[in-house]
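Asker: Predicted coordinates and the sequence they were generated for:
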Amino acid sequence: MKVVRFHAPGDVRIEDAPEPTPGRGEVKLRVRNCSTCGTDVKISRFGHHHIVPPRVMGHEIAGEVVEVGAAVDGWSPGDRVQVIAAIPCGQCGECQQGRRTVCPNQESMGYHYDGGFAEYLVVPSKVLAVDGLNRIPDGVSYAEASVAEPLACVLNGQNLAQVGAGDDVVVIGSGPIGCLHVRLARARGARNVVLVDLNQDRLSQAAALVAPDATICAADTDPVDAVLKFTNGRGADVIITAAASGAAQEQAVQMAARQGRISLFGGLPKDRPVIGLDANLVHYRELTLVGANGSSPAHNAEALRLIASGEVPVADLITHRLPLDGAIDAFELVATGEAIKVTIEP
């Protein structure tokens, strides 16, 4: 079979590999879709401390069960499934308290285990042990199901920021994650959703799909002033920084309404993780700053439900579909911002 393997930073190869065989407690899939994200680009260029090469990449996975190992119940060949990316241990104190997104023993598909940029993969027993293999609802395509993983991360972020009915929400970053944030905020009853980006072309492309109530090109306009004007000086109830930008995080605090919530959703570069924070704004406006780290198995299941119900459409966000041997081209499409969502169809 063909796979896309990471060997070293800047060295990703499309190679032949033997088909895997499921062991005890494992399930073998025929991968139907594995979508790409910015993390794949970063791994291809810089590696990752959890990846011991060579490693098959890809963590936004949907496929068809073709074989089950010993001691596997409830799954059969032909079942259509989506696979979680982040695998909590299910046993530690955090997991036992229901905080599976911050499990200190977390492992990941495409990092600790071979991922979905392959014709076949084996789902580790640890995934099944934490209910991380989800049935794809009828009417949901494999491509749509592969977007459940990033939507699950978005769902976790909005839960933590308590996005709800009547909120004025600002999303900074108009990539696929930003688009999903706009759609989920809308599904949760937000009063207004504003989309912000530095790149006008990317902003326009995203806005044409997800139809925010307003757009702000931060290259041309001070986004803080623009948000304050849009909200008649009050500021936004929720600001989500769906971009790896310290400046965006600083601006988010400045544009927040009283008792506003700021989601520091996008992680910052490892060499520039520190921002300037006006602590008095946080103090006097009673602001809440929250992080967001991935998703849990439950978030993935809920994301599939939201897609199936039509509450959060995702099909139109997939702007490019490429075969497995186009995966490296897909990374470039993601890096340049030419695409919204790129999916690989092995």
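Answerer: Structure's in. What do you need?
Asker: is it true that Arg272 touches Gly246?
Answerer: Yes: the pair Arg272 / Gly246 is scored as a contact, 6.2 Å apart, by CB atoms under 8 Å. In short, each C-beta sits where N, CA and C put it, glycine included.
Asker: Comparing the two, which residue is more hemmed in?
Answerer: Between Arg272 and Gly246, counted using other CB atoms under 10 Å, the more crowded position is Gly246 (18 against 10).
Asker: contacting residues for the more buried one?
Answerer: Leu268, Arg272, Pro273, Val274, Ile275 (CB atoms under 8 Å, 6 or more residues apart in numbering).
Asker: Report pLDDT for it.
Answerer: Gly246 carries a pLDDT value of 95.
Asker: His181 versus that one, what's the distance?
Answerer: Distance, Gly246 to His181, using CB to CB, to the nearest Å: 19 Å.
Asker: can you pull out the helices in the stretch 1-150 of the chain?
Answerer: With helices called from DSSP state H, counting those that start in this stretch, the stretch 1-150 of the chain shows them at 38-46, 93-96, 125-129, 142-146, 148-161.
Asker: my bad, should have said the stretch 151-300 of the chain
Answerer: Along the stretch 151-300 of the chain, the segments classed as helices by DSSP H, counting those that start in this stretch run 176-187, 200-210, 223-230, 246-254, 279-285, 297-309.
Asker: how about the CA coordinates for the first one, as PDB?
Answerer: To tie it back to what came earlier, the one meant is helix 176-187. Presented in PDB, the C-alpha positions along helix 176-187 are these (Å, rounded to 0.1, in the frame of the first residue of the first chain):
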ATOM      1  CA  PRO A 176     -10.800  26.300   8.400                       C
ATOM      2  CA  ILE A 177     -10.800  26.500  12.200                       C
ATOM      3  CA  GLY A 178     -12.100  30.100  12.000                       C
ATOM      4  CA  CYS A 179     -14.800  29.100   9.600                       C
ATOM      5  CA  LEU A 180     -15.900  26.300  11.900                       C
ATOM      6  CA  HIS A 181     -16.000  28.700  14.800                       C
ATOM      7  CA  VAL A 182     -18.200  31.000  12.900                       C
ATOM      8  CA  ARG A 183     -20.600  28.200  12.000                       C
ATOM      9  CA  LEU A 184     -20.700  26.800  15.500                       C
ATOM     10  CA  ALA A 185     -21.200  30.200  17.100                       C
ATOM     11  CA  ARG A 186     -24.100  30.700  14.800                       C
ATOM     12  CA  ALA A 187     -25.600  27.300  15.700                       C
END
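Asker: Does anything pack onto it? Which helices or strands?
Answerer: On a contact count with 3 or more CB pairs under 8 Å, 6 or more residues apart in numbering; DSSP states H and E, helix 176-187 meets helix 148-161, strand 168-172, strand 192-197, helix 200-210, strand 236-241.
Asker: sorry, back to before: most neighbours out of the contacts of Gly246, which is it?
Answerer: Counting neighbours by other CB under 10 Å, Leu268 leads those with 17 neighbours.
Asker: hang on, that residue packs against Thr241?
Answerer: No: between Leu268 and Thr241 there is no contact under CB under 8 Å: 9.5 Å.
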